[in-house]
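K.L.:
Quick one, what's the 3D model for this:
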Amino acid sequence: MTLDDLKRFDLQLFQPRYGYRYSLDPLLLARFCGQLPSGGRIIDLGAGCGVIALVLARINPEALVAAVENNSEMAALVERNIRHNDLSGTVSVHADDVINLRKSYPDSSFDLVVSNPPFWKAGSGRISPRAGRDVARHETTAALVDFMAAAKYLVKPSGRICFIQLPSRLAEFMALAAQMKLSVLRLRMIHNNAESPATMFMAELAKGRRSAPVAEAPLLIRDLAGEYTDEVWQ
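P.N.:
Okay, the predicted model is just below:
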């Protein structure tokens with residue numbers, strides 16, 4: 001176990017030394033979500049160590065944030081991180097699978113639903129030698145369709161849904177959104193630099209609203225000299 005500083009958000013996070021460790025992805029997604037206009041309620045589906053939930057609690061200090069994590073060891077780690085950062089009054093953890101959330105939460109009860117779901121379908125993608133990483137990176141009990149269905153159920157008609165995923169699953173993502181009658185409001189591709197293909201995309205969706213998607217300017221992680229761009233450091 002390590003304790004790592006996330007100074008920009010005044011956080012310290014415990015995470016496994018050799019298992020799944022958060023990267024830049026959840027931080028980009030949390031910033032893509034931004035601030036709610038008022039306190040409101042936020043839920044993070046597939047919380048890992050709790051990084052997105054805790055960052056969003058810092059960005060939205062008046063909001064109540066729920067972190068959902070089906071791995072019991074990681075759920076306990078989320079609880080530890082909540083206590084360590086004195087956020088017990090703001091952030092709660094729910095140890096369950098996203099496919100079971102209809103039993104735990106009423107329909108349309110959150111202003112923002114956010115998810116950094118597993119990127120790879122079962123049996124695909126790279127296999128990690130580190131124990132615990134593949135459970136977080138590969139779909140197990142819940143697939144992308146289940147995360148999106150849970151998000152639709154949980155979000156208010158006036159609320160927002162924010163996801164991050166691989167470009168290789170963009171067509172699947174858009175097709176599922178259309179089937180579920182979710183409007184894609186914003187779409188942003190993420191590139192390592194100006195000369196590289198997209199490595200991820202972020203999308204904001206809503207239910208009960210019709211809107212043409214806005215394709216935002218691409219997010220560049222590094223400049224051509226290999227340094228982080230100003231937007232990533234902001």
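K.L.:
where does the protein dip in pLDDT?
P.N.:
Applying pLDDT under 70 to the chain flags the ranges 120, 122-141, 234.
K.L.:
From the rest of the structure, what touches the longest helix along it?
P.N.:
Scanning the chain for the longest helix, with DSSP state H as the assignment, gives helix 72-84. Contacts to helix 72-84, defined as Cβ atoms under 8 Å, 6 or more residues apart in numbering, come from residues 12-16, 20, 47-50, 53-54, 67, 69, 88, 91-95, 136. C-beta coordinates here come from the backbone N, C-alpha and C atoms, glycine included.
K.L.:
Sheet-wise, list the partners of the next helix or strand after that helix with their directions.
P.N.:
For helix 72-84, the following helix or strand on the C-terminal side (DSSP states H and E) is strand 91-94. Partner strands for strand 91-94, per DSSP bridges, with pairing direction: strand 64-68 (parallel).
K.L.:
CA atoms only: put the partner strand into PDB for me.
P.N.:
Taking Å, rounded to 0.1, in the frame of the first residue of the first chain, the C-alpha atoms of strand 64-68 are listed here in PDB:
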ATOM      1  CA  LEU A  64     -23.200  14.600  -1.500                       C
ATOM      2  CA  VAL A  65     -21.200  12.000  -3.300                       C
ATOM      3  CA  ALA A  66     -21.700   8.200  -3.400                       C
ATOM      4  CA  ALA A  67     -19.000   5.800  -4.600                       C
ATOM      5  CA  VAL A  68     -20.100   2.400  -5.900                       C
END
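K.L.:
Mind checking which of the contacts of helix 72-84 are buried?
P.N.:
Buried subset of the contacts of helix 72-84 (neighbour count, 16 or more other Cβ atoms under 10 Å): 13, 15-16, 20, 47-50, 53-54, 67, 69, 91-95, 136.
K.L.:
before we move on, what SS does the residue lying farthest from the centre of the chain have?
P.N.:
Centroid-distance maximum for the chain: Ala225 at 28.9 Å, with Cα atoms, centre = their mean. Classification of Ala225 using DSSP: H, G, I helix; E, B strand; the rest coil returns coil.
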